[in-house]
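J.: sequence first, predicted model second:
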Amino acid sequence: MSTIQFTVEGMSCGGCSSKVKNTLEAFDQISQVEVELATGEVKVHVEPDQNIDKEQIKAAIEDLGFDVVN
């Protein structure tokens, strides 16, 4: 399993972090999403046999109205 990590700005509540988590978990290639609201850290776990572009994930987060800083 590989992990892709982002720092996301603009998440201010549990609803925000849930929105990010639920949106990313809808991708078939993503097996698990961890969101740390206090630090803005989002970890996305992808199964080894799955291929997903980091830019796709970033775009999905930004489409929710949040800023991805890395």
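T.: In hand now; what should we look at?
J.: what's the distance between residue 21 and residue 51?
T.: 21 Å (C-beta to C-beta, to the nearest Å). Bear in mind the C-beta positions are built from the backbone N, C-alpha and C, glycine included.
J.: who's more crowded, those two?
T.: residue 21 (16 against 8; other C-beta atoms under 10 Å).
J.: gap between residue 28 and residue 46?
T.: Distance from residue 28 to residue 46, counting by C-beta to C-beta: 10 Å.
J.: who's more crowded, the two?
T.: residue 46 (19 against 9).
J.: from residue 37, how far off is that one?
T.: 22 Å.
J.: again, but for residue 47
T.: 25 Å.
J.: can you give me the strands in this protein?
T.: 2-9, 30-36, 41-46, 67-68 (DSSP state E).
J.: need the ones you listed in a markdown table with distance to residue 61 and mean pLDDT, can you?
T.: Output for these, formatted as a markdown table (distance: least, C-beta to C-beta, whole Å; pLDDT from 0 to 100):
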| stretch | distance to residue 61 | mean pLDDT |
| --- | --- | --- |
| strand 2-9 | 6 | 96 |
| strand 30-36 | 10 | 96 |
| strand 41-46 | 7 | 96 |
| strand 67-68 | 5 | 97 |
